[in-house]
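1. pasting the structure only:
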């Protein structure tokens, strides 16, 4: 058996120990070597699409390869999400995800993918509050007064939403559960017709997205009572959180990035690092603020924990309300 001097043996052993890490490092440095596809499961022009274009432009500059936005709408975001779930786990297909995914996990009995199991969390992009708005004819100037009014008039208050299973709908259902009030859900096909009827008095309350509601709040055609997040919004700083009146209540609309399950950890880490660098950039932060949102800066592990908790929260609401997809 060949005997080596101790010093030479230790040097060779150290070199051998480093060998397994070399492909890992080389892959991280080489990625990406071609364009990256960012699947956005909603049509162009909406808030999810806007978030994808903000982060897509940033990643294109940072990665040195074009990040191509591919809009694949349908079935409440499930068509595009399934496309991404079944893509090769090589970092060249990623998904712009949102609360629609954590809601769909329970809302739909049969999906072609499992959001919790088929994706690797990468990182967040933005979070934004919804806002509790009422028709001015409702005699309430605060959440507490609204709860009292709704309890005095059970099933006589109509709650509008942009559709079954949306964050606007489930935010209202969560409020019903936690505040102990009975309201009649009236779903619409989108926020615009819902707002029209809310202003007209056909429905009395909604938990709408912030951006479309603000012009009507400022015009006085709607009365805002509170925001749905735990923190106040910079866009409506005078509004308290609903949680000040209903302890523990919290709802936000959010966006983030996930990749197909088994995407290498080093690629996930690289994407997370570049995304979080963008969320710290002044210009990116400004564009996110224009969306009525704030940066959602998390590690992959933190994002995975957030997703799991969001799935669990909406599962309880959906089961308690026996809510079924359209």
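-> That came through, no problem. Since the structure is predicted, the reported quantities are computational estimates derived from the model, not experimental observations. Numbering: from 1, shown residues only.

2. show me which residues of stretch 265-284 are buried.
-> Residues of stretch 265-284 classed as buried: 266-268, 270-272, 274-276, 278-279, 284 (neighbour count, 16 or more other Cβ atoms under 10 Å). (Glycine included, C-beta is placed from N, CA and C.)

3. format these as TSV; extra columns: distance to residue 297 and secondary structure.
-> Shown next, in TSV, are these (distance: Cβ to Cβ, whole Å; DSSP: H, G, I helix; E, B strand; the rest coil):
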residue	distance to residue 297	secondary structure
266	20	helix
267	19	helix
268	16	helix
270	16	helix
271	14	helix
272	10	helix
274	12	helix
275	8	helix
276	5	helix
278	10	helix
279	5	helix
284	11	helix
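
4. as TSV, these with distance to residue 155 and pLDDT would be great.
-> Formatted as TSV, the buried residues of stretch 265-284 follow (distance: Cβ to Cβ, whole Å; pLDDT from 0 to 100):
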residue	distance to residue 155	pLDDT
266	55	97
267	52	98
268	48	98
270	53	98
271	48	98
272	47	98
274	51	98
275	45	98
276	47	98
278	47	98
279	44	98
284	46	97
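
5. what's the closest of those to residue 68?
-> The shortest approach to residue 68 among the buried residues of stretch 265-284 belongs to residue 271, at 15.0 Å (Cβ to Cβ).

6. contact partners for the closest one?
-> 59, 91, 94, 122-123, 257, 259 (Cβ atoms under 8 Å, 6 or more residues apart in numbering).

7. please repeat the previous calculation with a cut-off of 7 Å.
-> Residue 271 sits next to 122-123, 257 when contact means Cβ atoms under 7 Å, 6 or more residues apart in numbering.

8. for residue 108, same thing?
-> Applying Cβ under 7 Å, 6+ apart, we find residue 108 in contact with 78, 325.

9. count of neighbours near residue 111?
-> Applying other Cβ atoms under 10 Å, we find 17 residues neighbouring residue 111.

10. in the chain, which helix has the most residues?
-> Counting by DSSP state H, the longest helix found in the chain is helix 300-320.

11. now do that one: everything it contacts.
-> Contacts of helix 300-320 (Cβ under 7 Å, 6+ apart): 99, 102-103, 105-107, 116, 121-124, 170, 173-174, 177, 256, 268, 272, 298.

12. equivalent analysis for stretch 186-194, please.
-> With Cβ under 7 Å, 6+ apart, stretch 186-194 has contacts from 158-164, 169, 203, 206, 208-209, 212.

13. show me those that map onto helices.
-> Going by DSSP H, the helices hold 169, 212 from those.

14. residue 68: neighbour count?
-> Using other Cβ under 10 Å, residue 68 is surrounded by 12 other residues.

15. in terms of secondary structure, what does the helix or strand that it is a member of contact?
-> For residue 68, the host element (DSSP states H and E) is strand 67-71. If you count contacts as 3 or more Cβ pairs under 7 Å, 6 or more residues apart in numbering; DSSP states H and E, strand 67-71 packs onto strand 36-40, helix 47-63.

16. assign residue 117 to helix, strand or coil.
-> Recorded secondary structure, residue 117: coil (DSSP: H, G, I helix; E, B strand; the rest coil).

17. and it, how far is that from residue 307?
-> 11 Å (Cβ to Cβ, to the nearest Å).

18. over to residue 198?
-> Distance, residue 198 to residue 307, using Cβ to Cβ: 31 Å.

19. just residue 112 next, same as before
-> As defined by Cβ to Cβ, residue 112 lies at a distance of 19 Å from residue 307.

20. which stretches of the stretch 51-200 of the chain form strands?
-> Secondary structure of the stretch 51-200 of the chain (DSSP state E, counting those that start in this stretch): strands at 67-71, 93-98, 119-134, 158-161, 184-187.

21. out of these, which is closest to residue 149?
-> strand 119-134 (9.4 Å).

22. and the angle from the closest one to strand 93-98?
-> Relative orientation of strand 119-134 versus strand 93-98 (axes from the mean of the first three to the mean of the last three Cα atoms, to 10 degrees): 20 degrees.

23. residue ranges with poor pLDDT in the stretch 151-300 of the chain?
-> By pLDDT under 70, the stretch 151-300 of the chain contains no weakly predicted segment.
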